[in-house]
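Visitor: coords please:
(one chain, ligands or ions: 1)
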Amino acid sequence: MFIPAIPVSHAISAMNEEAPTVCSEVRHGTDEYRQTVALRDELLRRPLGLKFSPEELAQEKDSFHLACRQGGTLAACLVLEPMSARRIQMRQLAVAADFQGRGIGRSLMGYSESFARQRGYREIVMHAREEAVGFYEKLGYRREGGRFTEVTIPHFVMRKTLAGGGEAAGGGGAEPL
Ligand SMILES: CC(C)(COP(=O)(O)OP(=O)(O)OC[C@H]1O[C@@H](n2cnc3c(N)ncnc32)[C@H](O)[C@@H]1OP(=O)(O)O)[C@@H](O)C(=O)NCCC(=O)NCCS
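Guide: The predicted model follows:
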């Protein structure tokens, strides 16, 4: 089921009310999807001297792509990759530099958790960059195991159990990654 765009918050500036933050699913292969790839490339790959390969992007067709816009401008995006009937991996959260520190990362995370819960997923896992661990901890994610290197920089496995809602997809505790 394709979930239509919904406003998730209204960022209030000191003087004026800004455009609402609207989060939605983006379909793989569309112009909107290509915009999210450009944002992820700018924030997550180019600073490390890396780039996405065509094979890597083709493999994303079975993932969910979620994005938030403000006033029509792409502000943030991430990827949710199903791992099993109950567990989904969050990947490549990127908030555009001009939009950082305004609660948009938090909004997209909240939208993504609802999105996953509605599809029966019970747990989100991720490989979090060490510099972003504090952000995820604020949102209830817990670090697990030791530091490891991915895309040349230190990461940690983090997890969060999603409570309630949606159809059952198997119970029990955390599955190993
Ligand atoms: C890390 C990132 C996703 C945060 O998004 P954001 O929209 O700037 O964050 P928000 O404004 O929603 O912040 C929510 C809370 O987390 C805190 N926070 C934000 N970034 C943080 C960080 N790197 N470490 C610790 N806390 C952080 C904020 O201070 C805020 O706290 P508060 O609610 O107590 O005020 C964003 O800065 C980003 O895209 N960075 C570059 C790419 C990246 O590192 N992605 C993560 C890959 S794992």
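
Visitor: wouldn't Leu93 be in contact with Ser107 here?
Guide: No. Between Leu93 and Ser107 there is no contact under CB atoms under 8 Å: 11.6 Å. (Each C-beta comes from the backbone N, C-alpha and C, glycine too.)

Visitor: overlap in contacts of the two?
Guide: By CB atoms under 8 Å, 6 or more residues apart in numbering, Leu93 and Ser107 have these common neighbours: Ala76.

Visitor: what residue is smack in the middle of the protein?
Guide: Nearest residue to the geometric centre of the chain (CA atoms, centre = their mean): Leu78, 3.4 Å.

Visitor: got the contact list for the residue lying closest to that one once chain neighbours are set aside?
Guide: Leaving out its chain neighbours, the residue that sits closest to Leu78 by CB to CB, 6 or more residues apart in numbering is Leu93, at 4.2 Å. Listed by CB under 8 Å, 6+ apart, the contact partners of Leu93 are 76-78, 105, 108-109, 132.

Visitor: doesn't Leu93 lie inside a strand?
Guide: Yes. Residue state for Leu93 (DSSP: H, G, I helix; E, B strand; the rest coil) corresponds to a strand.

Visitor: one step back: so where does the residue nearest to the centre of the chain fall, helix or strand?
Guide: For Leu78, the host element (DSSP states H and E) is strand 73-82.

Visitor: appreciated, that's everything.
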